[in-house]
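A.B. asks: no letters, just coordinates:
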């Protein structure tokens, strides 16, 4: 007897959270929208990366430290810090995966957008997957302008 994807990886509330409409009989009833399996794992990783440390009231240590890097210079050192913070957060909060390479795409860096590609393997399936997280930073020219306005060098 083989287990289904939902039995292995679980079923949980969809992220972002919303109430769905379910119709049955003569009336419509709302319920919490759910996802299952590898979609739930992907949404969990997006939620981990997208949450600032301290943002969750009942779980202050949940999240990823990349949000502390928003005003850092947009250079190759930033890529190393992003990779470290993202890997650390996923390894801590998502036990269903093994984190693979984390790559930063700088094609749109002048616009203030870095694309973070996270490669991972879902352990119980030995299934490789990846996602791209768009991360916005202040472009270097705006960072210099903001520094001049505040009286910095």
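C.D. replies: Looks like it arrived, so ask away. Just so it is clear, the structure is predicted and the values come from calculations on it, not from any experiment.

A.B. asks: and the longest helix for the protein?
C.D. replies: helix 76-93 (DSSP state H).

A.B. asks: if I look at the closest residue to residue 91 other than its chain neighbours, how far off is residue 110?
C.D. replies: Nearest residue to residue 91, sequence neighbours excluded (CB to CB, 6 or more residues apart in numbering): residue 99, at 5.8 Å. The C-beta positions use only the backbone N, C-alpha and C, and glycine is treated the same way. Distance from residue 99 to residue 110, counting by CB to CB, to the nearest Å: 29 Å.

A.B. asks: who has more neighbours out of the two?
C.D. replies: residue 99 (18 against 11; other CB atoms under 10 Å).

A.B. asks: quick one: mean pLDDT over the helix or strand in which the more buried one is found.
C.D. replies: Using DSSP states H and E, residue 99 sits within strand 97-105. Strand 97-105 shows a mean pLDDT of 96.

A.B. asks: for it, packing partners?
C.D. replies: When contacts are defined as 3 or more CB pairs under 8 Å, 6 or more residues apart in numbering; DSSP states H and E, strand 97-105 packs onto helix 76-93, strand 113-122, strand 127-136.

A.B. asks: the longest one to strand 127-136, inter-axis angle?
C.D. replies: Which is helix 76-93. Using axes from the mean of the first three to the mean of the last three CA atoms, to 10 degrees, the direction of helix 76-93 lies 130 degrees away from that of strand 127-136.

A.B. asks: contacting residues around helix 76-93?
C.D. replies: 44-45, 48-49, 62-66, 68-69, 72, 97, 99, 102, 104, 106, 114, 116, 118, 120, 133, 135, 137 (CB atoms under 8 Å, 6 or more residues apart in numbering).

A.B. asks: ok, now with 10 Å
C.D. replies: 44-45, 47-49, 51, 53, 59, 61-69, 72, 97-106, 109, 114, 116, 118, 120, 133, 135, 137 (CB atoms under 10 Å, 6 or more residues apart in numbering).

A.B. asks: narrow those residues to just the buried residues.
C.D. replies: Among the contacts of helix 76-93, those classed as buried by 16 or more other CB atoms under 10 Å are 44-45, 47-49, 51, 53, 62-64, 66-67, 69, 97, 99, 102, 104, 109, 114, 116, 118, 120, 133, 135, 137.

A.B. asks: so where's the chain shaky on pLDDT?
C.D. replies: The model of the chain has pLDDT under 70 over residues 1-37, 138-153.
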